[in-house]
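Enquirer: Any chance you could fold what I've pasted below:
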Amino acid sequence: MVITIDGPAGAGKSTVARLLAQRLGLRYVDTGAMYRELTATALAAGANLNDGAALAALAGTPAPDGADLRAEAISANVSAVSRHPQVRAAMRDRQRELAADAVLEGRDTGSVVWPQAELKVYLVAPARVRAQRRAAELGLPVDEIERAIVERDDLDADQLAPAADARLIDTGGLTAEQVVERIVAMLPGAADGGRPYVPGDRFWRTVRPVAEPLFRGMLRLQVHGRERVPASGPLVFVANHQSLWDIPALGAAQPRAIRYMAKSALFKPRPFAAFLRSGGTFAVRRNEPDRDAMRTVHETIELGGAVGMFIQGHRQEGLEEAKAGAGRIAVVEDAAVVAVAIRSRGWRPGRHIAVSFGEPRRYGRDGRRAADAYRQTADALMAQIRELHEGLV
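Expert: Numbering: from 1, shown residues only. Modelled structure (predicted):
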């Protein structure tokens, strides 16, 4: 899913977009900061702000170390930089590369950068309120900031027209948290009482009707215990990993949309990374604590989604090694955990893959040291997987 949040300076776009991205587990893309960085780079290089081609050539160049992108000098010149068609074309290409399960924030992200966004929001507020907010950030007189805001609105008039299908919210009397709640209420599924959107939902809804029968037939899936999988609510699948076919097999064997954890190396080719993210898959760094991955797991669970992980961390023929990270997630997160045994080693056309689901369970520390609880829980999960695996043929 892509959500766009546009509006004039001081309407609260950055704060709201950042909070919303954190709430939904989406990437936050601040397009305004990209133009500010280009402006800082151009000013430091002494570039001619009337030369659109020369400015476009600087797109992507990091700002000087220590540059304050919110400084008044940047604010006073960013419109002069962003008005050039060459600059906007170069920046839009970079912004569109980032538009996969993301919240885009700027001036024309819904109308120009990503007009196919599932939800477009346009924030407004009286000029005086916007000036008061910005003055509080910068420590400058409100009247001075208000004049600058009005002038910038005039300069950016062409960009400030909201998309025809954008949802308008007046943030003047609302806190950022209240604005986020209003946006969440606009998401697909919210109006009919469904759970909040989880990254990858749209992909699974679109692909499953075709992919599930395709993989069930091609892999000749034999599924045991499908009825044990909770139909809704936060859930963690913990499976063994024998082949690349485990991923589509697990997806087709049960009814839930799964956000898989995948090694970060898979995200290096950009086109493949975009495909993975569209399905809700997220990166995890191997053999080291990865707070970003753990935060994504927590946010997915908070939204009532399902996370899929392979307890061995990589493909293995046997069922010996269990990573403690799986135990940590099972203990820390408030979610049902389903052990999954998959027999897929040596699959080829004509052979079958078997998948068996265990009973959903919940785990806790139960007075143990954290490290002991994580290790012992991972071992207990692996023992369940072995038991399930013995029943497969």
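Enquirer: who touches stretch 164-182?
Expert: 4, 6, 11-12, 15-16, 19-20, 23, 110-111, 119-126, 129, 162, 183, 186 (C-beta atoms under 8 Å, 6 or more residues apart in numbering). In this view, the C-beta of every residue, glycine as well, is placed from N, C-alpha and C.
Enquirer: please redo it, this time with the cut-off set to 6 Å
Expert: Defining contact as C-beta atoms under 6 Å, 6 or more residues apart in numbering, one finds that stretch 164-182 is touched by 11-12, 15-16, 19-20, 110, 120-126, 129, 186.
Enquirer: again, but for stretch 307-318
Expert: Residues contacting stretch 307-318 (C-beta under 6 Å, 6+ apart): 236-239, 241, 258-261, 297, 300, 321-323, 326, 345.
Enquirer: residue contacts, residue 361?
Expert: So residue 361 contacts residue 337 (C-beta under 6 Å, 6+ apart).
Enquirer: Could you check the pLDDT of it?
Expert: Listed pLDDT for residue 361 reads 96.
Enquirer: Could you pull out the helices in the stretch 201-350 of the chain for me?
Expert: 201-218, 246-253, 270-278, 291-302, 324-332 (DSSP state H, counting those that start in this stretch).
Enquirer: can I get these in TSV with mean pLDDT, distance to residue 138 and mean neighbour count?
Expert: Listed next are these as TSV, based on pLDDT from 0 to 100; distance: least, C-beta to C-beta, whole Å; neighbours: other C-beta atoms under 10 Å:
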stretch	mean pLDDT	distance to residue 138	mean neighbour count
helix 201-218	91	39	15
helix 246-253	96	49	23
helix 270-278	82	35	15
helix 291-302	88	30	18
helix 324-332	95	40	22
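Enquirer: coming back round to it: restricted to buried residues, select the contacts of stretch 164-182 in ChimeraX.
Expert: Only the buried entries of the contacts of stretch 164-182 go into this ChimeraX selection, using 16 or more other C-beta atoms under 10 Å:
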select :11,12,15,16,19,20,110,120,121,122,123,124,125,129
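Enquirer: pLDDT check: weakest of the contacts of stretch 307-318?
Expert: Minimum pLDDT across these falls on residue 321, with 85.
Enquirer: ok, for it, nearest residue in space, not its chain neighbours?
Expert: Distance criterion C-beta to C-beta, 6 or more residues apart in numbering; nearest residue to residue 321, sequence neighbours excluded, is residue 312 at 5.1 Å.
Enquirer: that older thread, with distance to residue 144 as added columns, please give the helices of the stretch 201-350 of the chain in CSV.
Expert: Formatted as CSV, the helices of the stretch 201-350 of the chain follow (distance: least, C-beta to C-beta, whole Å):
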stretch, distance to residue 144
helix 201-218, 45
helix 246-253, 57
helix 270-278, 42
helix 291-302, 39
helix 324-332, 49
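Enquirer: now for those helices, which one comes closest to residue 227?
Expert: helix 246-253 (11.8 Å; C-beta to C-beta).
Enquirer: The closest one to helix 201-218, inter-axis angle?
Expert: Interaxial angle, helix 246-253 versus helix 201-218 (axes from the mean of the first three to the mean of the last three C-alpha atoms, to 10 degrees): 100 degrees.
Enquirer: List of residues touching helix 246-253?
Expert: Residues contacting helix 246-253 (C-beta under 6 Å, 6+ apart): 212, 215, 216, 219, 221, 223, 258, 342, 344, 353, 355.
Enquirer: Equivalent analysis for stretch 22-38, please.
Expert: Taking C-beta under 6 Å, 6+ apart as the rule, stretch 22-38 contacts 18, 21, 59, 63, 69, 74, 78, 81-82, 91, 95, 98, 101-106, 109, 199, 296, 299-300.
Enquirer: ok now do the closest residue to residue 256 other than its chain neighbours, which residues does it touch?
Expert: Closest residue in space to residue 256, ignoring its immediate chain neighbours: residue 306 at 4.4 Å, by C-beta to C-beta, 6+ apart. Shown in contact with residue 306 (C-beta under 6 Å, 6+ apart): 235, 256, 258.
Enquirer: Also residue 365?
Expert: Residue 365 neighbours (C-beta under 6 Å, 6+ apart): 331, 373.
Enquirer: What pLDDT does the model give it?
Expert: Looking at residue 365, the pLDDT reads 93.
Enquirer: Please tell me how far it sits from residue 29.
Expert: According to C-beta to C-beta, to the nearest Å, residue 365 stands 38 Å off from residue 29.
Enquirer: Identify the bridge partners of the closest residue to residue 119 other than its chain neighbours.
Expert: Spatial nearest neighbour of residue 119, excluding adjacent residues (C-beta to C-beta, 6+ apart): residue 3 at 4.7 Å. Beta-bridge pairing of residue 3 under DSSP bridges involves residue 103, residue 119.
Enquirer: Show the contacting residues for residue 153.
Expert: Residue 153 neighbours (C-beta under 6 Å, 6+ apart): residue 8.
Enquirer: I'd like to know how far it sits from residue 138.
Expert: With C-beta to C-beta as the criterion, residue 153 and residue 138 are 17 Å apart.
Enquirer: Dihedrals phi and psi, the spatially closest residue to residue 11 that is not a sequence neighbour?
Expert: The shortest distance from residue 11 to any non-neighbouring residue, by C-beta to C-beta, 6+ apart, is to residue 123 (4.0 Å). Dihedral pair for residue 123: phi -90, psi 140, per degrees, to the nearest 10.
Enquirer: Next: residue 285.
Expert: According to degrees, to the nearest 10, residue 285 has phi -80, psi 130.
Enquirer: I'd like the distance between the residue nearest to it when sequence neighbours are not counted and residue 297.
Expert: In space, and not counting its chain neighbours, residue 285 is closest to residue 264: 5.1 Å by C-beta to C-beta, 6+ apart. Distance, residue 264 to residue 297, using C-beta to C-beta: 15 Å.
Enquirer: now residue 357
Expert: In terms of C-beta to C-beta, residue 357 sits 20 Å off from residue 297.
Enquirer: again, but for residue 71
Expert: 37 Å.
Enquirer: ok so, going back, out of the contacts of stretch 307-318, list just those in strands.
Expert: Of the contacts of stretch 307-318, the ones assigned to strands by DSSP state E are 236, 237, 238, 239, 258, 259, 260, 261.
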